[in-house]
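1. with the input below, show me the fold.
(one chain, ligands or ions: 1)
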Amino acid sequence: MNIAVDWRAEARRVNFRKEAFIDGNFVSAASGKTFACTSPVDGAVLAQVAECDAEDVDRAVKAARKAFEAGAWAGQSPKSRKRVMLKFAELIHENANELALLETLDMGKPISAARNGDLRAVTECVRWYAEAIDKIYDEIAPAPRTALALIEREPVGVVGAVVPWNFPLLMAAWKFSPALAAGNSMVLKPAEQSPLSALRIGELAADAGIPPGVFNVVPGFGETAGQALGRHMDVDALAFTGSTEVGKFFLKYSAESNMKTVSLECGGKSPNIVFADTPDLDAAAKGAADGIFYNSGQVCDAASRLLVEDKIHDRFLSRVAEFAQAYQPADPLDEKTTMGAMVDQTQTRRVLQFISLGQQEGAKLVTGGKQVRQETGGCYIEPTIFDRVENRMTIAREEIFGPVLSTISFKTAEEAVAIANDSKYGLEANLWTNDLTRAHRIARALRAGTVTINNRDGGGIEVPFGGYKQSGFGRDKSLHAIEKYTQLKTTYISFG
Ligand code: NAD
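-> Residues are numbered from 1 along each chain as shown. Down below sits the predicted model:
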């Protein structure tokens, strides 16, 4: 941040959008119901937000369908959609402080992470797909000289997106950017814990020139609004990010409705494997701490299982514990804060239960483990490290989605791979070693959508992201994401 911002003062001034955004207008839920949007920073109620249910979802889908059929957006040339989306990216950039503040107030992440991490990534994502869309060519298939076989990508029509609260806008942007760029209409359902930034972004999309009905936002609960979107007969594709448990519901919803395509970005229990020959053990130790404590561990590809070669185990773990000190829960509105709040009381209780289960099952608590800053009324948990974890223990198997690291020792590369793959998840794996041959061999053996070697950076918007096994299927980011929002049409023209 270049200019010092008084975030507390900004927080007092911010104007929350509270109604659903449907067909280019803010509207109340048809039932008139609202729900309290509470800040985990201090427990304050920020706003009463429209509680959409099936009727509102239907209204939004109808608006999306109408806009799609009218060709208001889908009928524009790729170059024209690009211009509008670049304007949209510009508006996000201009309003980045406000949007970052909404993220921090709504789900508790540090303002510096929201502003410098999430909002930069959101802006880049929208811009990247805007720039991409007029550079994608279709295909002509081999055919006799008397024929022409065209293979064209067409937008699927109406896309539903249901997203979580850990990176509220970014997870939404990974879906709406490629979907809109490809010409679809959208209905976005943000998580009930974090609806505020999505409502504002719907408005910015309209300000940028995205026609009414093309981008709708329906705040509400999963079992009602989320389910209604998943079961809607006129939604063509449903893109979901969230837990594996809820991801499975969407497969059922699809099967029991119109067979809409479903893509699922679900949970993880990512292994971070550190060999004794790692060239820079300090970088690896810092990577291990960042990998589990950033965003209070509320990250789908958090490096939650640390697998350390036994030779360096004690030395390495004490370095990780030192780097963990950089993450002390503090006021999320202070720019110096590196660790903010958990999203809500429910998630806080859930994480604390896992911590006590870890102790009961015999793991050794090395540091942390407690709820702190209770006097603020907010939800904060210390960075927590467990040692002597066995992969059969609950804290090694279940996605905790909190700042809790489970450390496991291994002796051989084969053992490390076996432990790493012994999980229902397969989102990401990290690997640290100086031995290039071993690194390649292990990367091939790991069942994960992303493998990073000697870093914790899985790459930017240019590379696909998504899971193996029960971490889901379909990919966000990169040109591959567009596959989820388009379908192939073959047109076979005969001259003979
Ligand atoms: P969640 O599954 O509880 O909720 C996600 C979304 O689904 C929310 O919008 C929610 O309202 C909705 N939902 C909940 N129950 C529903 C139902 N019965 N029918 C329809 N919709 C329903 O997940 P969460 O707690 O919000 O987020 C945490 C999860 O998200 C973690 O498992 C995390 O790993 C995952 N996640 C995955 C990725 C990825 O890219 N793979 C990224 C971020 C988060």
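
2. ok, the residue nearest the centre of the chain to the ligand distance?
-> Centroid-nearest residue in the chain, with Cα atoms, centre = their mean: Met171, separated by 3.7 Å. Taking Cβ to the nearest ligand atom, to the nearest Å as the criterion, Met171 is separated from the ligand by 5 Å. C-beta: built from backbone N, CA, C; applies to glycine.

3. now Val187
-> 12 Å.

4. sec struct for that residue, please.
-> Per DSSP: H, G, I helix; E, B strand; the rest coil, the secondary structure class of Val187 is strand.

5. neighbours of it, how many?
-> 32 (other Cβ atoms under 10 Å).

6. do you know how far it is from Ala173?
-> Distance, Val187 to Ala173, by Cβ to Cβ, to the nearest Å: 15 Å.

7. low-confidence ranges in the stretch 1-150 of the chain?
-> 1-3 (pLDDT under 70).

8. closest point of it to the ligand, which residue?
-> Taking Cβ to the nearest ligand atom, the ligand has its nearest neighbour within the stretch 1-150 of the chain at Met107, 9.8 Å off.

9. residues contacting that residue?
-> Shown in contact with Met107 (Cβ atoms under 8 Å, 6 or more residues apart in numbering): Pro40, Trp165, Asn166, Pro168, Gln193, Ser194, Ala341, Val343.

10. let me see the confidence value for the closest residue to Pro164 other than its chain neighbours.
-> Nearest residue to Pro164, sequence neighbours excluded (Cβ to Cβ, 6 or more residues apart in numbering): Gly242, at 4.6 Å. On pLDDT, Gly242 comes in at 98.

11. over to Gln353?
-> 98.

12. equivalent analysis for the one 10 residues further on, please.
-> Among the per-residue scores, Ala363 shows a pLDDT of 98.

13. and it, what does it touch?
-> Ala363 sits next to Phe386, Asp387, Arg388, Val389, Glu390, Met393, Ile395, Ser406 when contact means Cβ under 8 Å, 6+ apart.

14. one more time with 6 Å
-> Counting by Cβ atoms under 6 Å, 6 or more residues apart in numbering, Ala363 touches Phe386, Arg388, Val389.

15. where's it relative to Phe386, distance?
-> Applying Cβ to Cβ, the value for Ala363 to Phe386 is 4 Å.

16. same question, Lys411
-> Taking Cβ to Cβ as the criterion, Lys411 is separated from Phe386 by 20 Å.

17. more neighbours: which of the two?
-> Ranked by neighbour count (other Cβ under 10 Å), Lys411 and Phe386 place Phe386 first, with 26 against 10.

18. hey, what's the more buried one bridged with?
-> With DSSP bridges as the criterion, Phe386 is bridged to Leu365, Ser406.

19. is any part of whichever strand or helix holds Leu204 close to the ligand?
-> For Leu204, the enclosing helix or strand under DSSP states H and E is helix 196-208. No: judged by Cβ under 6 Å from any ligand atom, helix 196-208 stays clear of the ligand, getting no closer than 10.0 Å.

20. picking up where we left off before, name the nearest residue to the residue nearest to the centre of the chain, sequence neighbours excluded.
-> Among residues not flanking Met171 along the chain, Val163 sits closest, at 4.4 Å (Cβ to Cβ, 6+ apart).

21. give me the number of residues near that neighbour?
-> Val163: 27 surrounding residues under other Cβ under 10 Å.

22. could you shift the numbering so residue one becomes 576, and keep it that way?
-> In the new numbering, first residue 576, that becomes Val738.

23. can you give me the helices in the stretch 726-875 of the chain?
-> Assigned by DSSP state H, counting those that start in this stretch, the stretch 726-875 of the chain shows helices spanning 743-756, 771-783, 802-806, 819-831, 856-868.

24. my guess is Ile1068 contacts Ala724, does it?
-> No: judged on Cβ atoms under 6 Å, Ile1068 makes no contact with Ala724 at a distance of 7.7 Å.

25. which one of these two has more residues nearby?
-> Between Ile1068 and Ala724, counting by other Cβ under 10 Å, Ala724 is the more crowded of the two (15 against 10).

26. tell me the secondary structure at that one.
-> Ala724 falls in the strand class when you classify it by three-state DSSP.

27. how about it, what does it touch?
-> Contacts of Ala724 by Cβ under 6 Å, 6+ apart are Ala716, Ala718, Tyr1067.

28. can you pick the most crowded of these?
-> Greatest neighbour count in these, by other Cβ under 10 Å, goes to Ala718: 13 neighbours.
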